[in-house]
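Visitor: Generate a structure from the sequence data that follows.
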Amino acid sequence: MPVVRIGTRASTLALTQTGHVADDLARLGGFDVEIVHVRTEGDRLKGSLATIGGTGVFVTALRDALLDGRCDVAVHSLKDLPTAPAPGLTVAAIPLREDPRDALCARDGLTLRELPAGARVGTGSPRRTAQLLAARPDLEVVDIRGNVDTRLGRVAGSSHGPGDLDAVVLARAGLARLGRLDAVTEALDPEVMLPAPGQGALAVEVRTADLADPTAPLAAALAALDHLPTRLAVVAERALLARLEAGCAAPVGALASVDTLGAEGASVTVEAVVARTDGTRVLRHGVSATTNVGWEGEAPSVVPQPFVDEDTARDAGESLAALLLEQGAAELAPLGPRA
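Guide: Alright, predicted model coming up:
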């Protein structure tokens with residue numbers, strides 16, 4: 001039975017995510033899988049993402065391992081992927097997305113509204129910081145980093161860690177994959193906090209050359225693993241991010257959804273927020289784009305199930321970014337080319 005080597009970071013969350021993908025690929029492709037641990041710059045360096053080099057620090061080493069043949073597949077958290085394409089590599093599958101919302105994990109079961117004035121809330125994300133302070137300017141936001149257990153250990157009442165904070169904010173998807181939803185005291189409504197573009201989704205990347213024969217076992221398994229509505233949603237979100245030229249230090253959130261409208265067509269809706277890190281100014285807009293379905297003569301007996309194509313999704317994200325820029329987004333956040 002052929003062996004497919006799957007590269008991953010060695011964190012507990014990364015290994016759990018990769019394990020799900022490995023199980024699916026083995027089931028769909030009928031081959032054995034081997035997990036290859038790859039140490040990235042993001043695992044080695046300390047400090048905030050903005051100071052250690054941005055989201056790419058979690059990706060470069062995995063991509064190098066793909067290109068030099070140490071692994072055949074790499075599994076990424078999609079929000080870690082730079083928006084620019086990588087020469088010689090293709091994101092061949094984006095599986096069904098987990099719930100993309102952010103989650104509040106607070107002491108004593110408190111919700112965001114119930115946290116007392118002056119409560120200390122931990123996050124390493126400028127996006128989360130800005131939206132937290134926009135909703136609750138009376139909070140004290142504390143910059144933190146570390147794995148899920150380390151950050152949960154900062155919450156008062158935790159059985160491990162210093163317990164020096166009233167709450168932390170994490171991605172609900174990661175907690176779900178680790179079986180730690182018991183720590184969540186509130187899944188934050190996107191009306192309060194829009195997630196990072198691509199949050200909750202995984203990207204399964206391979207060498208482009210390995211997709212040349214779509215009937216090959218690996219290529220066919222990846223095609224079966226790909227979830228079209230998720231792919232189209234994150235295409236829209238990442239197109240917005242790319243058009244804004246927003247790095248990891250920019251407080252930008254986005255969330256897209258794709259809906260089939262029966263015989264009329266399908267639509268993609270994208271909402272996005274750009275804010276000052278201190279939460280004092282917030283710019284939020286949304287757009288929708290629709291793909292229509294038509295035919296000549298009498299309607300067919302079986303109505304096709306249409307979906308927005310990638311170009312339509314990409315255009316929706318880019319048009320929303322243009323609107324945000326027209327409304328002054330660059331005055332609120334570090335957008336545009338960076339030295």
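Visitor: all strands of the stretch 201-339 of the chain, in order?
Guide: Using DSSP state E, counting those that start in this stretch, the strands of the stretch 201-339 of the chain run over 202-207, 252-260, 265-275, 282-292.
Visitor: Residue 77 touches residue 94, doesn't it?
Guide: No: counting by Cβ atoms under 8 Å, residue 77 does not reach residue 94; the two are 11.5 Å apart. In this view, the C-beta of every residue, glycine as well, is placed from N, C-alpha and C.
Visitor: For residue 328, the count of nearby residues, please.
Guide: Neighbourhood size, residue 328 [other Cβ atoms under 10 Å]: 11.
Visitor: Compute the distance between the closest residue to it other than its chain neighbours and residue 191, please.
Guide: Computed as Cβ to Cβ, 6 or more residues apart in numbering, the closest residue to residue 328 that is not its neighbour in sequence is residue 283, at 6.7 Å. Distance of residue 283 to residue 191, given as Cβ to Cβ, to the nearest Å: 15 Å.
Visitor: Between the two, which is the more surrounded one?
Guide: Comparing residue 283 with residue 191 by other Cβ under 10 Å, the one with more neighbours is residue 283, at 18 against 9.
Visitor: What's opposite the more buried one in the beta bridge?
Guide: Applying DSSP bridges to residue 283 gives these bridge partners: residue 274.
Visitor: thinking residue 142 is in contact with residue 165, fair?
Guide: Yes: between residue 142 and residue 165 there is a contact under Cβ under 8 Å: 6.1 Å.
Visitor: overlap in contacts of those two?
Guide: By Cβ atoms under 8 Å, 6 or more residues apart in numbering, residue 142 and residue 165 have these common neighbours: 120, 121, 122.
Visitor: so which of those residues is the most crowded?
Guide: Greatest neighbour count in the shared contacts of residue 142 and residue 165, by other Cβ under 10 Å, goes to residue 121: 26 neighbours.
Visitor: Residues contacting the helix or strand hosting it, please?
Guide: Using DSSP states H and E, residue 121 sits within strand 120-122. Strand 120-122 is contacted by residues 104, 115, 132, 139-144, 151, 154, 164-169 when judged by Cβ under 8 Å, 6+ apart.
Visitor: immediately after the least confident helix or strand in the chain by mean pLDDT, which helix or strand?
Guide: Sorted by mean pLDDT, DSSP states H and E, the helices and strands of the chain end with helix 49-52, the least confident at a mean of 46. Counting by DSSP H and E, the element after helix 49-52 in chain order, helix or strand, is helix 60-67.
Visitor: Now that following helix: buried residues?
Guide: Burial within helix 60-67, assessed by neighbour count using 16 or more other Cβ atoms under 10 Å, is assigned to 60, 61, 62, 63, 65, 66.
Visitor: what's the span of stretch 323-330, first residue to last?
Guide: Chord length of stretch 323-330, first to last residue, is 11 Å (Cα to Cα, to the nearest Å).
Visitor: contacting residues around it?
Guide: Contacts of stretch 323-330 (Cβ under 8 Å, 6+ apart): 243, 244, 272, 274, 283, 285, 287, 335, 336.
Visitor: for this structure, what are the low-confidence residue spans?
Guide: The chain contains residues with pLDDT under 70 at 1, 40-57, 261-265, 292-307, 337-339.
Visitor: now do 50
Guide: For the chain, residues meeting the criterion pLDDT under 50 lie at 45, 49-54, 294-296, 299-300, 303, 339.
Visitor: okay, which residue is most central for it?
Guide: Most central in the chain under Cα atoms, centre = their mean is residue 199, positioned 2.1 Å from the mean C-alpha point.
Visitor: Would it be right to say that it lies in a helix?
Guide: No: using DSSP: H, G, I helix; E, B strand; the rest coil, the secondary structure at residue 199 is coil, not a helix.
Visitor: So for stretch 223-241, what gets flagged as buried?
Guide: Under 16+ other Cβ under 10 Å, the buried positions of stretch 223-241 are 225-226, 229-241.
Visitor: Which members of these occur in helices, if any?
Guide: Mapping the buried residues of stretch 223-241 onto helices (DSSP state H) picks out 225, 229-241.
Visitor: all helices of the stretch 51-200 of the chain, in order?
Guide: 60-67, 126-135, 148-152, 172-177 (DSSP state H, counting those that start in this stretch).
Visitor: what's the most buried one of the ones you listed?
Guide: Ranked by mean neighbour count, those are led by helix 126-135 with a mean of 24 (mean count of other Cβ atoms under 10 Å).
Visitor: just the angle between that helix and strand 252-260, please?
Guide: Helix 126-135 runs at 90 degrees relative to strand 252-260, counting by axes from the mean of the first three to the mean of the last three Cα atoms, to 10 degrees.
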